[in-house]
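K.L.:
sequence and predicted structure below; questions after.
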Amino acid sequence: MKKDELIRLALKARENSYCPYSSYAVGAAVECEDGTIYTGCNIENASYGATVCAERTAIFKAVSEGKKEIKAIAIAGGKRGEEPDGYAFPCGMCRQVLNEFAMGDAPVIVAKSQEDYKEYALKDLLPEAFGPNNLA
Ligand code: THU
């Protein structure tokens, strides 16, 4: 896993966040099975429910480019224009979407900075997940 690179790119992706309503800027970076990395930011909308999270932006970019196996993800979030002052955990919907394309032991990294981060396994953030196997 390219941990340092994922964190760096997640922090950088925050810069493109479109968050005029919450002022909470999130960036994410996903590493695919072949080592390629896709990034994403949260993109808000005046019709609030149309907002998409950074994680799903990154995952959908990967999948739409044909990369359906995600190895790891890094996420960074906090007040726009400032360094993150907390760990930005993925929302429930993003955990579910990640579960579709990642194995249960895939690392989910929540980063405040390049040096300050926590790492979890997806299955610990989404236990007893409903996933593709349930429909196989
Ligand atoms: N947000 C994300 O980008 N990822 C998450 O997992 C949680 C929330 C965004 C959505 C919205 O633009 C802002 O953070 C506040 O909820």
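P.N.:
Good, I have the coordinates. All figures in this text were calculated on a predicted structure; none of them were measured in a lab. Residues are numbered from 1 along each chain as shown.
K.L.:
what's the residue sitting nearest the centre point of the chain in contact with, if anything?
P.N.:
Nearest to the geometric centre of the chain sits Glu55, at 3.0 Å (CA atoms, centre = their mean). Residues near Glu55 by CB atoms under 8 Å, 6 or more residues apart in numbering: 26, 28, 30, 40, 73, 75, 90-91, 94, 97-98. For every residue, glycine as well, the C-beta is placed using N, CA and C.
K.L.:
residues of the protein that sit close to the ligand?
P.N.:
19, 22, 24, 26, 42, 44, 51, 53-55, 90-91, 94 (CB under 6 Å from any ligand atom).
K.L.:
if you look at those residues, which of them are in strands?
P.N.:
Using DSSP state E, the subset of these located in strands is 24, 26.
K.L.:
quick one, which of the residues of the chain next to the ligand are buried?
P.N.:
19, 24, 26, 42, 44, 53-55, 90, 94 (16 or more other CB atoms under 10 Å).
K.L.:
now the residue nearest to the centre of the chain. Nearest residue, chain neighbours left out?
P.N.:
Cys94 (3.9 Å; CB to CB, 6 or more residues apart in numbering).
K.L.:
neighbours of Gly78, how many?
P.N.:
20 (other CB atoms under 10 Å).
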